[in-house]
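Colleague: Take a look and give me a structure for this.
(2 chains)
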Amino acid sequence: MRQEFYQTLRSPVLWGGLAIAALLPFVLTSYYLNIVILALVYVALASSWNIVGGMAGQISMAHSLFIGVGAMFSTALLIKLGINMWLGMLISAAIAGALGAIIAWIDFRFQLGHLSFVLITLAFAEMGGIIVEGWDFLGGASGLMLPRDTGNFVAFQFGGGRGAFWVMLVLATLCVIVNIAILNAPLGYYLRSIRDNEKAAQAIGVNVLRYKVVAMVISAMLASIVGTAYVRYLTFADPYLLVSPVITIEIVLFATVGGLGRAFGPALGALLLVPLGEILRGKLGGTLPGLHYFIYGIVVIAVILATPRGLLSLLESLWMRWRGRATVKL
Amino acid sequence: MIELWQAMAQGVLIGSTYGLLALGMGLVYGVSGVVNFSHGDFISLGMFMCLALYSALSLDPYVSAIITVPVMTVIGALVYRYLIRPMVGHQFLMVVQLTLGLSLVLQNGILMVFGGQPARTPSMVDSKLIILGDVVLRVPHVIAFVVSFALAIGLFVMLRSTDFGRSIRAVHQNAHAAALMGIDVSRVQVLTFALGIGILAIAAALLLPGTPIQPTQGLRYTVITLLVVVLGGMTNFVGIMLGGLIIGIAEAFGTIYLSETLGALMPYMIFVVIMLFRPQGLTWRSPR
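Modeller: Numbering: from 1, shown residues only, chains lettered A, B, ... in the order given. Down below sits the predicted model:
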């Protein structure tokens, strides 16, 4: 672990910012609080995706599957078998991790370079969607309803708005810290070497299969845990929302807009785009359904064409220019 | 036994159109290394343009193709020239995200114009049937089969013996050398992409009669196309048509013999199994 990790962890800016953020539920109305919660969900998801998609450069489309396992399976365990949702969360995370490992292994047999990962993960995501819609245990196409949230912490209930906000804040922070940790650990260097040149990485002795699997497992387990917490907040486990590939596309695009492979990049993208989309949907969704996705698409295309390394890099270079010194960063 | 022949026939007929969809993607991949994740949304676009022409002028989808093919070809050329080409070369992986963004734009653009309700576009031949012994064939499927194979053969001849076809093959084999031989590589890439999207307009018209369409279907078509292209070994012409037939037959068998869920899963399961044992695709020649 590099020294920078501990420096970032000790940084007063990080904890001060979080402390101020934690007070938000006391000032925001419930409409805006919901938007912020949703933004935090996507911060957590995009950051977890970043481990495999950004650092290792393996664009995973299977994250809807992992979120879906975390959301649908833990709900089904609670409702159909009466298993406590904390335990359900852990079981689901273990299943998601196993799925991630299997997918990464199958991908390794492919010989199409970076693209194969997108193809095979997309195929698995589609399979996951079909299975959830057709399997009554998981609620089928009509979904599952969770019991009312009474704030009973032992039963994985956090008491609606404020509680959900703090839980999501913790999860989003956890995902970002995991990102920082990996970036500063040997694993982060292996992953980036795989991203930049897989053959060269293998030639200098990086065990490509092993680190791809490790990255995928960490990413899948985090996504699954966030999925469980998200479904508790939604109360309704809707397969068309939680297992649809659209949720993955959103995550991928938020991470790309913010900055791939950077610790704070995906968080920045989600924090900017989710509120934009939600406010647009609130204002115009009734008359023009689909408008906010349309705008996401335009924003993403514009950002990719203008600054392919993401908004975080753009902001940094603007900051450095303003401070009057040039910089070279990885 | 009747069911078996019925499933075979249906699978082959639909599979040929899947093959055609995939040929466009395979050509583009071969020439510029781009996999277009908005492929299925362009099919949607073609279908909804046919729907609009039907509601405005009550044109039959097959007639609408005369209008939609040139329009889609031009759109394809513009998309490649102004969106994808700036990425090719320096930020190659970003093409995936870019086309995913494009997919959101197309899908939700269509949603804003046409609404989210499933829609049908009737055609003259919609309900006509051909009965061969015990096997019942729907005329739109037969038309799709004939046109798809005719187009595939046309493309094959074009690649084989025209100058444009030769330049496509040259760029596919070695873009650098092709450029040294005086071939305008980026022009070939733009034209191939436009051709690929133009083919989609035809495929959209072929698939349309009798199929309910909705804006969110695009991604599913993209995935089916990807399965076919990968099964076919990415750029192998015969392999891709074969892959289309396999996926079509798998789907038909699944829906006739198994439950709806398992039927829908069949193509994916076959895909995963084949990829586990033959990671380089169906054909013996490697994709290089």
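
Colleague: Quick one: neighbours of B:L83, just the number.
Modeller: Residues lying near B:L83 (other C-beta atoms under 10 Å in any protein chain shown) number 18. All C-beta atoms are positioned from the backbone trio N, CA, C, and that covers glycine.

Colleague: and what of A:V246?
Modeller: A:V246: 17 surrounding residues under other C-beta under 10 Å.

Colleague: Just give me how far the helix or strand hosting it sits from the chain centre.
Modeller: Using DSSP states H and E, A:V246 sits in helix A:245-258. The gap between where helix A:245-258 is centred and where its chain is centred comes out at 9 Å by C-alpha atoms, centre = their mean, to the nearest Å.

Colleague: who in the stretch 101-250 of chain A is up against chain B?
Modeller: A:106, A:109-112, A:114-116, A:118-120, A:122-124, A:126-127, A:130-131, A:133-135, A:245-246, A:249 (C-beta under 8 Å from any C-beta of the partner chain).

Colleague: which of those are buried?
Modeller: The neighbour-count test (16 or more other C-beta atoms under 10 Å in any protein chain shown) marks A:106, A:110, A:112, A:114-116, A:118-120, A:122-124, A:126-127, A:130-131, A:133-134, A:245-246, A:249 as buried among these.

Colleague: So which of those are in helices?
Modeller: In this view, these that belong to helices under DSSP state H are A:106, A:114-116, A:118-120, A:122-124, A:126-127, A:130-131, A:133-134, A:245-246, A:249.

Colleague: By mean pLDDT, point me to the weakest helix or strand of chain A.
Modeller: Of all helical and strand segments in chain A, the minimum by mean pLDDT, DSSP states H and E falls on helix A:3-10, at a mean of 80.

Colleague: can you list the weak-confidence ranges in chain B?
Modeller: Residue ranges of chain B with pLDDT under 70: B:89-92, B:279-288.

Colleague: Residue of the stretch 101-250 of chain A nearest chain B, please.
Modeller: Distances between the stretch 101-250 of chain A and chain B by C-beta to the nearest C-beta are smallest at A:G134, namely 2.7 Å.

Colleague: distance of that residue from B:S259?
Modeller: 7 Å (C-beta to C-beta, to the nearest Å).

Colleague: Make sure B:V136 is indeed in a helix.
Modeller: No: B:V136 sits outside any helix when classified using DSSP: H, G, I helix; E, B strand; the rest coil, being strand.

Colleague: Quickly find the element holding the residue positioned nearest the centre of chain A.
Modeller: By C-alpha atoms, centre = their mean, chain A has its centre lying nearest to A:L45, at 1.4 Å. Taking DSSP H and E as the definition, one finds A:L45 inside helix A:30-50.

Colleague: before we move on, what about B:I131?
Modeller: B:I131 belongs to strand B:129-132 when assigned by DSSP H and E.

Colleague: list the helices and strands that strand packs on?
Modeller: If you count contacts as 3 or more C-beta pairs under 8 Å, 6 or more residues apart in numbering or on different chains; DSSP states H and E, strand B:129-132 packs onto strand B:135-138, helix B:139-161.

Colleague: Show the subsequent helix or strand relative to the last one.
Modeller: Spelled out, that is helix B:139-161. Following helix B:139-161 in sequence, per DSSP H and E, is helix B:163-173.

Colleague: mind listing what A:G310 touches?
Modeller: A:T256, A:V257, A:G258, A:G259, A:L260, A:R262, A:G265, A:L268, A:G269, A:V303 (C-beta atoms under 8 Å, 6 or more residues apart in numbering or on different chains).
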